[in-house]
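Chemist: Structure of the sequence below:
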Amino acid sequence: MGQPIPYNPKCEMIARDELEQLQIERLQSTLNRVYRSVAFYRTAFDAHKVNLERIKDLRALRELPFTTKQDLQKSYPYDMFAVPLRDIVRIHTTSGTTGQPIVVGYTHNDLRSWRECAARLLTAAGVTEHDVVQIALHYSLFADGFGFHQGAERVGASVIPASLATSVAKQIIIMRDFKTTVLISTPSHALNIVASLDEVQVHRERLHLRLGLFGGERWSDPLRRQVEEQLRIISTDTYGPTEVMGPGVAGECHLHQGLHLNEDHFIVELIDPKTAEPVGAGEEGELVLTTITKEGFPLVRYQTGDITRISPDPCPCGRTFVRMARVMGRTDDLILFQGVGFFPSQIEEVLAGIDSISPFFQIVLDQDRGVETIEIRVEISDKIPFLDEVKTIETLRLQVAKRIKTVLDVEPKVTLVEPKSLRALDPPGRVIDRRPG
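Modeler: Model (predicted):
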């Protein structure tokens, strides 16, 4: 198969001077709309003495205040919506890993833009109307599964909404029987599929897979090569925080030289997370995004918390949008594991509700044959009776594991350790991440 033609060449290959003019026009419209309709932005702009009439070029963007995740959480549920609720036709939320979930609303036009952006990403990866796309992502309040689903339908592909609620064994049977050609999931789920092929007695030769689009967790180049070799596919990296839009914000083309950001829908900045000053091309910094086409839930200078690099150089594929490197880390202590994000403080909250457990714990992240693993070591209280009874210890361990699964949707290996064995750990020692990349 030759080089994929961009889904929308007119937009994706736009001249940079035309793009900047388009961004300014859309930015001015967005700023005026949020000032009129969103109390948070009206208060923030007034506090910073922002004169919207002076925002005439992208450099003036620095006069505007940032929007943070905490700002969005405080707006729960609808205070950041810029249109009446009657105009919102779809609602998604984040997982609420730091407290209140962030509630995101979409108008009809927002869904149209989202489908367009997702279709661009899929087309850049090589997906066509001839493909059968199996989506193994959450189909709940999270945006991931729905974003890719509507984009694949827009491209004209046949879509199988397998979701992550379907067992790995059934995923493989569906993959074989329905002749799936494209898998969309997390890298670790792809490796779980590889590991289960023998169990369900399905040989790789009986699958028709050729492409994989992955995201939702950190993965390295060695892991990428492992996924590609074992599933015999070409893989593509994707990026799309729910609060910004969902899948479709950025994705790799077939050349795998960075993720193209859809700049006709988002203005991209990269800042030093400590000083909030801009960083140069090729330097690491925090990704800041401003939405310029969203009606329901527009964001101005949103600090994503994701650390990356930006390349402004044209891509050989012909697209003119800037490219971001794979996310290298976070500005906070968010842990991403198999597509689920959580904070160590949440583990602490879970343990606080369980008798016979001390508040001291350690999280160990690793990989086993390419599949991400998580172990949570928990210190037993020195006041627990019958400490030497194996049955008592096992019951307590299962209780901790079940509670973590219920609250965080993560299935860890739980190890109970002796009293006073973890309490001397300093905060950095509470999380050990041995995963490559």
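Chemist: Do you have the helices of the stretch 301-437 of the chain handy? List them.
Modeler: 344-352, 390-408 (DSSP state H, counting those that start in this stretch).
Chemist: tell me the SS of the residue nearest to residue 160 when sequence neighbours are not counted?
Modeler: Nearest residue to residue 160 in three dimensions, chain neighbours excluded: residue 134, at 4.4 Å (CB to CB, 6 or more residues apart in numbering). No exception for glycine: its C-beta is placed from N, CA and C like everyone else's. At residue 134, secondary structure determined by DSSP: H, G, I helix; E, B strand; the rest coil is strand.
Chemist: mind listing what residue 134 touches?
Modeler: 160, 162, 171, 174, 175, 178, 180, 182, 183, 184 (CB atoms under 8 Å, 6 or more residues apart in numbering).
Chemist: ok so, going back, right, so the helices of the stretch 301-437 of the chain: which one is the most enclosed?
Modeler: Of all the helices of the stretch 301-437 of the chain, helix 344-352 carries the top mean neighbour count, a mean of 17, counting by mean count of other CB atoms under 10 Å.
Chemist: Would you confirm that residue 37 contacts residue 79?
Modeler: No: using CB atoms under 8 Å, residue 37 is not in contact with residue 79, being 11.0 Å away.
Chemist: Just want to know which of the two has more residues nearby.
Modeler: residue 37 (16 against 13; other CB atoms under 10 Å).
Chemist: Work out the gap between the longest strand along the chain and the centre of the chain.
Modeler: Longest strand in the chain, counting residues (DSSP state E): strand 357-368. Its chain's C-alpha centre lies 23 Å from the corresponding centre of strand 357-368 when counted by CA atoms, centre = their mean, to the nearest Å.
Chemist: Next: stretch 239-255.
Modeler: On CA atoms, centre = their mean, the centre of stretch 239-255 falls 8 Å from the chain's centre.
Chemist: Also stretch 261-281?
Modeler: Stretch 261-281 sits 18 Å away from the centroid of its parent chain (CA atoms, centre = their mean).
Chemist: Can you get me the start-to-end distance on it?
Modeler: Length of stretch 261-281, first residue to last, CA to CA, to the nearest Å: 15 Å.
Chemist: quick one on the thing from earlier: mind checking how far the residue nearest to residue 160 is from residue 184?
Modeler: Residue 134 sits 7 Å away from residue 184, going by CB to CB, to the nearest Å.
Chemist: Give me the domain ranges for the protein.
Modeler: 9-331, 343-433 (automatic domain parsing).
Chemist: what about residue 173, how many neighbours?
Modeler: Residue 173 has 14 neighbouring residues, counting by other CB under 10 Å.
Chemist: Need the phi and psi values for the residue nearest to residue 262 when sequence neighbours are not counted.
Modeler: Leaving aside its sequence neighbours, residue 262 sits nearest to residue 117 (CB to CB, 6+ apart; 4.9 Å). According to degrees, to the nearest 10, the main-chain angles of residue 117 amount to phi -70, psi -40.
Chemist: related to what we said a few turns ago, among the contacts of residue 134, name the buried ones.
Modeler: Buried by 16 or more other CB atoms under 10 Å: 160, 162, 171, 174, 175, 180, 182, 183, 184, out of the contacts of residue 134.
Chemist: ok, the longest strand of the chain: who's next to it in the sheet?
Modeler: strand 371-380 (antiparallel), strand 431-433 (parallel) (DSSP bridges).
Chemist: Contacts only, for residue 306.
Modeler: Contacts of residue 306 (CB under 8 Å, 6+ apart): 239, 241, 286, 287, 327, 329, 330, 331.
Chemist: Closest one of these to residue 412?
Modeler: residue 330 (19.7 Å; CB to CB).
Chemist: Tell me how many other residues surround residue 93.
Modeler: Other residues within reach of residue 93 by the criterion other CB under 10 Å amount to 18.
Chemist: quick one, phi psi at it?
Modeler: phi -140, psi 160.
Chemist: what pLDDT does it get?
Modeler: Per-residue pLDDT puts residue 93 at 95.
Chemist: Nearest spatial neighbour of it, chain-adjacent residues omitted?
Modeler: Spatial nearest neighbour of residue 93, chain neighbours left out: residue 101 (4.1 Å); criterion: CB to CB, 6+ apart.
Chemist: which residues touch that neighbour?
Modeler: By CB under 8 Å, 6+ apart, the neighbours of residue 101 are 73, 76, 93, 94, 95, 141.
Chemist: now these as a markdown table including secondary structure and distance to residue 356?
Modeler: Shown next, in a markdown table, are the contacts of residue 101 (DSSP: H, G, I helix; E, B strand; the rest coil; distance: CB to CB, whole Å):
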| residue | secondary structure | distance to residue 356 |
| --- | --- | --- |
| 73 | helix | 33 |
| 76 | coil | 34 |
| 93 | strand | 34 |
| 94 | coil | 33 |
| 95 | coil | 28 |
| 141 | coil | 34 |
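Chemist: List buried members of those residues by neighbour count.
Modeler: Buried among those by 16+ other CB under 10 Å: 73, 93, 94, 95, 141.
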